[in-house]
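J.: A predicted structure for the sequence below; I have some questions about it.
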Amino acid sequence: MTVTETDHCDFGGKIMVLDYGDRVIMPGLVDIHVHLNEPGREDWEGLTSGTRAAAAGGITTVVDMPLNSFPVTTDVKSLHQKVEATKGKLSIDIGFWGGLVPANAENSTALDELLKAGVLGLKSFMCPSGINDFPQTNSQHIKAALPVLAKHKRPLLVHAELPQTISSEDSPSTHATEEPLRLEDPRAYETYLKSRPHSWENAAIRQLIEVGESTKKGREAEGASIHIVHLADANSLSIIQDAKSRGINLTVETCTHYLTFAAEEIPDGDTRFKCAPPIRNAKNRQLLWKALMDGTIDSLSSDHSPAPPQMKLFDEGDFMRAWGGISSLQFGPLATWTYGKQRGITLNHLVRWWSTRPVELAGLNLKGSLEVGRDADIVVWTPNESTKVDDEKKIYHKHKATPFFNMTLDGRVDFTFVRGQLVFSQGTFSDRPCGKPILV
Ligand SMILES: NC(=O)N[C@H]1NC(=O)NC1=O
Ligand SMILES: [Zn+2]
Ligand SMILES: [Zn+2]
């Protein structure tokens, strides 16, 4: 039987047989790094538009970052506000990361309460976050939080860039950060790239590995883990591999944009590509793919972090002042398939990076598999078809600007089910949002 629009969401208790021919039926994908920005910044993205875009991309669960909503999710009250804001808006299920900031880092009672209230773990920044109400943490803060996370067996996700003085390797002379770049062309991507060199990621990761010693077996933070979000720097892979082999509880994700684009191909002034850490060169991209294939990188995410067009400064094309954040939620899995296929990936890789590993990392025990007993979160798609991203009406993000525009991606997402309910069907959505907040 073919599914029709009237079947959306609710099959009315009937048992139906759905024959999808030779399409692929897979566990729904899980994006554990998105910024949907509601409540408070719904002009940047939103729970309705964001979860629709995700469903259209074959994603059945997202985990929302503690920023850039307002308030940021750093205490129980703000978590409740976020949960409250989801009512009637979710096409798919959503979990939440809590924020680790200087104000709560050394207050184990406050962190304990936040974890008990149901966040899946905590997230912090080692550099300015771009949002004043979400200040960065230092290694002391991280060290203090790990034992509390250990008690709950939860991860700390870290934006791992530690601002360094820009060295001669990156710039002809040694100066304070950004100072030497003041006179360089802000429309050139190269200028932005130089402002956040590899050394920032490398320094942060070294510090994290040091602090992460406490997560080893028998140490005071055993049970906690550290998850490096959006790794862009392939130079740091060897220290990551070494740390993992020494028993530090460390995992790593990279994002679709680092696997798809290359610095040297980014047009001048095209701030759709601005994100942090920056997209690096094609050689680096190839090393990220290799690390993904060999398991040094555990999982993928979108780091969907859009902002209103006026903050992306499209007219000026000023990379140094534009908002850093890429809009991509709907396209992550298909982009992975497109560029992975050229490198020999299989459907199993896709499920591992976009379902199995993210679910393990986030402790989403009911998600990520078609096993009996788990939620019936399912994507039905056609790998041999293609999707041309050229129709704004079919981009479901709140804002349509995305670096994936005009690309032809391999694969087409046809149907998405959340807990057995059809939420996306060949370009239409259930008009009764059936997603739920997940609190653990
Ligand atoms: N605040 C925020 O969303 N920042 C994100 N954007 C980005 O490109 N990297 C980030 O960490
Ligand atoms: Zn980040
Ligand atoms: Zn992010």
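T.: Arrived safely. Ligands and ions are numbered 1, 2, ... in the order given.
J.: from memory L300 sits against T256, does it?
T.: Yes: the pair L300 / T256 is scored as a contact, 6.5 Å apart, by C-beta atoms under 8 Å. Every residue, glycine included, has its C-beta placed from N, CA and C.
J.: what about these two, which has more around it?
T.: L300 (30 against 27; other C-beta atoms under 10 Å).
J.: using the three-state scheme, assign that one.
T.: With DSSP: H, G, I helix; E, B strand; the rest coil as the basis, L300 sits in strand.
J.: quick check, A188 in contact with M320.
T.: No: in this structure A188 lies outside contact range of M320 using C-beta under 8 Å: 9.9 Å.
J.: now L149. Its backbone dihedrals?
T.: For L149, the backbone dihedrals are phi -60, psi -40 (criterion: degrees, to the nearest 10).
J.: burial of it, as a residue count?
T.: 24.
J.: rewinding a little: tell me, what's touching L300 and T256 both at once?
T.: Here L300 and T256 share the contacting residues G332, T336, scored by C-beta atoms under 8 Å, 6 or more residues apart in numbering.
J.: the chain: strands as residue ranges?
T.: Assigned by DSSP state E, the chain shows strands spanning 24-27, 29-34, 59-64, 93-96, 98-99, 122-125, 155-159, 225-228, 250-255, 299-301, 378-388, 408-418, 421-425, 428-429.
J.: tell me which strands the third one pairs with, and in which orientation.
T.: Think strand 59-64. According to DSSP bridges, strand 59-64 has the following sheet partners: strand 29-34 (parallel), strand 93-96 (parallel).
J.: got JSON lines for those, with mean neighbour count and distance to ligand 1 too?
T.: Shown next, in JSON lines, are the strands paired with strand 59-64 (neighbours: other C-beta atoms under 10 Å; distance: least, C-beta to the nearest ligand atom, whole Å):
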{"stretch": "strand 29-34", "mean neighbour count": "28", "distance to ligand 1": "9"}
{"stretch": "strand 93-96", "mean neighbour count": "25", "distance to ligand 1": "15"}
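J.: possible to save those strands as TSV with mean pLDDT and distance to L237?
T.: Listed next are the strands paired with strand 59-64 as TSV, based on pLDDT from 0 to 100; distance: least, C-beta to C-beta, whole Å:
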stretch	mean pLDDT	distance to L237
strand 29-34	99	19
strand 93-96	98	28
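J.: which single residue of the chain ends up nearest ligand 1?
T.: Closest to ligand 1 within the chain is C275: 3.2 Å, counting by C-beta to the nearest ligand atom.
J.: nearest residue to that residue other than its sequence neighbours?
T.: Closest residue to C275 apart from its sequence neighbours, by C-beta to C-beta, 6 or more residues apart in numbering: I326 at 4.6 Å.
J.: beta partners of that neighbour?
T.: In this structure, I326 bridges to H304 when assessed by DSSP bridges.
J.: isn't it right up against R272?
T.: Yes: counting by C-beta under 8 Å, I326 touches R272, with 7.2 Å between them.
J.: of the two, who's got more company?
T.: Remark: of I326 and R272, I326 carries more neighbours, 27 against 21, as counted by other C-beta under 10 Å.
J.: contact partners for the more buried one?
T.: Contacts for I326 (C-beta under 8 Å, 6+ apart) come out as 255, 257, 272-275, 302-306, 402-403.
J.: picking up where we left off before, give me the pLDDT for the residue nearest to C275.
T.: In this prediction, I326 carries a pLDDT score of 98.
J.: kindly report the same for S171.
T.: The model's pLDDT for S171 equals 50.
J.: for ligand 1, what are the nearby residues on this structure?
T.: Residues of the chain lying close to ligand 1 by C-beta under 6 Å from any ligand atom are 35, 67-68, 129-131, 159, 275-276, 303, 305, 324-325.
J.: could you dump those residues into TSV and include neighbour count?
T.: Below are those laid out as TSV (neighbours: other C-beta atoms under 10 Å):
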residue	neighbour count
H35	25
L67	25
N68	24
S129	23
G130	16
I131	16
H159	23
C275	25
A276	22
D303	26
S305	26
G324	19
G325	22
